[in-house]
Each structure stands twice: as structure tokens, then as C-alpha cells.
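J.: Sequence plus the predicted model coming up.
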Amino acid sequence: MRIWKGFLINIQFFTAIPITKELPMDQEHLKKAVQTFPLVGLMQGIIYVVICFLCFEFTPFSHLASAFLLWLATILLTGGIHLDGWIDASDAYFSYQDQGKRLEIMKDPRTGAFGVLSILVLLSCRFLFIYESTANIEHGLFIIIALIPFLSKSVMGVLLLTVKAAKNEGLGTLFQNAAKPQALWPYPLYLVSLLILISFFYKEILIIGLLILVAASCSFLFRRKAMKWFGGITGDVLGAAVEGTELLLWMTVWLLHYFVMA
């Protein structure tokens, strides 16, 4: 099936899971790949939940060690592809140059000081949010953990098909040329189906709604900033958007831990 091969294309590109099979890269299969971005995110989230559950429930590891392993999984499972985009986009943004120069900086394989500093801040904040949010782990938190990468990958798909490309080359352009905004129709279907399923196990739907609102706000924010700072989207900008969205979602969970879930 094309949709299955599209899903495998995403695993091959956006995770460190080895897919040795040679997959077709024609327009129709890449379109299916874009349509299954959220499903790859959901798969990532389920893997995080399994790791988290096993560490907290079936190992003698401390809370610190368990939180560290979950944090480490969020880095290793993606192979660092989105973190690379965060680094390159940070170097470009903090250069305070014009759009053309920023695009050149993102193409430079070297990493600047701003990229190093930004990745340290990102990963440090993520660890803090994970560590404190999992202090009193409950089943509802497992659902939220699974939802975070689902939402971030949904934001990536929306940005990909609703913001013009900043340049006519690269991974982002490859996927963008394969589909139109109308191809996003499965996204609300995924979301509604997931919400119906969640409602059977978790009654705090307002919390889930808040996370969806944060993700939607990220989509709006990154759309505006991508146009203003870079003249459109690139693969690196999309990677930065994924990491930025996940960071803000984890921050939301962390804040809820203090003011709502406590």
C-alpha cells in the first residue's frame, strides 16, 4: 500500500530506526509520507511511553535516572535530525543578517557558537520539564507524552504545505513539491479519532485541549516567523519548528504539573 510505504519513508527520514528497504520516492508516495507525519509522531510517542512505563514501574532506577533515559530517547530516536535543524536555524537567526545571508548560513556545515548555545538551552530545558513533570507519574501523563510528538509532527506537516519554500532545493522542498494543502485532510481525522480514543481512558480533556491549542499557536507563530526571518520554510526551519513545538508542549505540561495537576 502507498500509505504504508509513505509511513516507512518517514521512519527512514525522520527516525534512527533502520529501514534497509529501498522505497519509491515518486510524488504519490511522498504525498502519502506527508499525510502520515502525525502517525510517525504518534509512533514516537508510544515508544517514549513504553520506555517511561518500564523505567518507572519495572526497574530499580531512581526518578532522575528514569527521566534521563526518557530524555535521552527523545534525542536518539530521531537521530538528531530535527536538532540539527534547530542548530542551523539558530545560527542563522542570531546572525541578524538579511534573509539571503541567513539561508547561506543554514547551508554552512559548520556549527557556530549560537547554535551550540541554543542546543544546550533547548536540551537543558527539556530535561528539566521531563524530570519535574514525571515526579508523580500517572496514567494520564502517559497519554500526554504520546501526544506531544504527534502534535509536533502535525505542525511540521501544516507548515510544510501552507508556507512557501525559501529555496528550491533540500529535503523540505522535496516533500513540499509532492503535495498541496488539500492533502492535509487526514490530520483532523487523526486528531478526532485520537480524542475519541483518549476520552475512554482520560477524563481531563481540557488539558488535552490546551496542548492542542498550544500546538496550533506554534503553527501560527512559526509560519509568521519563517516568512519574516527566512523568507519561507526549509528543512532546517521545519526541524527547528518541531523542536520548538515539543519544547513548548513540554513546558506546558511542566506548568500544569505545578498549577493544575499538583
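T.: Yep, it's here. Residues are numbered from 1 along each chain as shown.
J.: so which helix or strand takes in T111?
T.: Using DSSP states H and E, T111 maps to neither a helix nor a strand.
J.: and it, how many neighbours?
T.: 14 (other CB atoms under 10 Å). In this view, the C-beta of every residue, glycine as well, is placed from N, C-alpha and C.
J.: And for P24?
T.: When neighbours are defined as other CB under 10 Å, P24 has 12 of them.
J.: dump the residue contacts of the closest residue in space to it that isn't next to it in sequence.
T.: Of all residues not flanking P24 in the chain, K5 sits nearest, at 6.4 Å (CB to CB, 6 or more residues apart in numbering). Residues counted as contacts of K5 (CB atoms under 8 Å, 6 or more residues apart in numbering) are L23, P24, H29, K32.
J.: separation between the first one and H82?
T.: Relative to H82, L23 is positioned 20 Å away (CB to CB, to the nearest Å).
J.: Give me the more crowded residue out of those two.
T.: Neighbour count, other CB under 10 Å: between L23 and H82, H82 has more, with 26 against 15.
J.: Report whether the expected contact of K164 with V237 is present.
T.: No - using CB atoms under 8 Å, K164 is not in contact with V237; the gap is 11.6 Å.
J.: So for the two, which residue has more residues nearby?
T.: Between K164 and V237, V237 has the larger neighbour count (other CB under 10 Å), namely 32 against 10.
J.: hang on, that one packs against A226?
T.: Yes - at 5.2 Å, V237 counts as touching A226 under the criterion of CB under 8 Å.
J.: List the residues that are in contact with both of those two.
T.: Counting by CB under 8 Å, 6+ apart, the contacts common to V237 and A226 are L159, A166.
J.: Many thanks, we can stop here.
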